[in-house]
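**Q** Based on what follows, work out the 3D shape:
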Amino acid sequence: MEDMILIYITNPSKDRADELAKHLLTRRLIASASVFELNNMYWSDGFIEKDNEFILLAKTVQENFVAVKKFAEDTSDYQVPCVIKIPVTCNGQYVQWLRSEIKI
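**A** A predicted model of the protein is given here:
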């Protein structure tokens, strides 16, 4: 089934990622969220920077992407927020569960 998407959202802290996940879950825009830390290297003002970031990987459906993206962008601590939609194919039972837990 190609109904589900993952949304990859960067956050400067675990607290911020957890707060965003809880907001999206409470509003049933997503069915599940995973938060993990990683090292990030990027260009900033002509220099390569290195920081830790916390990634929120949100599981939802295509119909909710715009609402999730808008909220993540509107509340981001970053000057240039990173919100990436990743289409996925997964088992039908998981998609059924996912759809039963969200509002579209």
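
**Q** Against which helices or strands is the lengthiest helix in the chain packed?
**A** When the chain is scanned for its longest helix (criterion: DSSP state H), the result is helix 14-26. Contact analysis of helix 14-26 by 3 or more Cβ pairs under 8 Å, 6 or more residues apart in numbering; DSSP states H and E lists strand 4-11, strand 32-44, strand 47-61, helix 65-75 as its packing neighbours. Backbone N, C-alpha and C define where each C-beta goes, glycine included.

**Q** closest one to C82 among those?
**A** C82 lies closest, by Cβ to Cβ, to one member of the helices and strands packed on helix 14-26: strand 4-11, at 4.3 Å.

**Q** Tell me the buried residues in the closest one?
**A** Of the residues in strand 4-11, 4-7, 9-11 count as buried by neighbour count, 16 or more other Cβ atoms under 10 Å.

**Q** circling back: pLDDT averaged over the longest helix of the chain, what's the number?
**A** Per-region confidence: helix 14-26 scores 97 on mean pLDDT.

**Q** what comes up buried for that helix?
**A** Going by 16+ other Cβ under 10 Å, helix 14-26 has these buried residues: 16-17, 20-21, 24-25.

**Q** likewise stretch 44-55?
**A** Neighbour-count burial for stretch 44-55, with 16+ other Cβ under 10 Å as criterion, is recorded at 53-55.

**Q** Name the residues that touch it?
**A** 8-14, 16-17, 35-43 (Cβ atoms under 8 Å, 6 or more residues apart in numbering).

**Q** I'd like to know which elements the helix or strand of the chain with the lowest mean pLDDT is packed against.
**A** Every helix and strand of the chain was ranked by mean pLDDT, DSSP states H and E. The lowest is helix 92-101, at a mean of 92. The helices and strands touching helix 92-101, judged by 3+ Cβ pairs under 8 Å, 6+ apart, are strand 4-11, strand 47-61.

**Q** Give the buried residues for it.
**A** Applying a neighbour-count criterion of 16+ other Cβ under 10 Å, one finds 95, 98-99 buried in helix 92-101.
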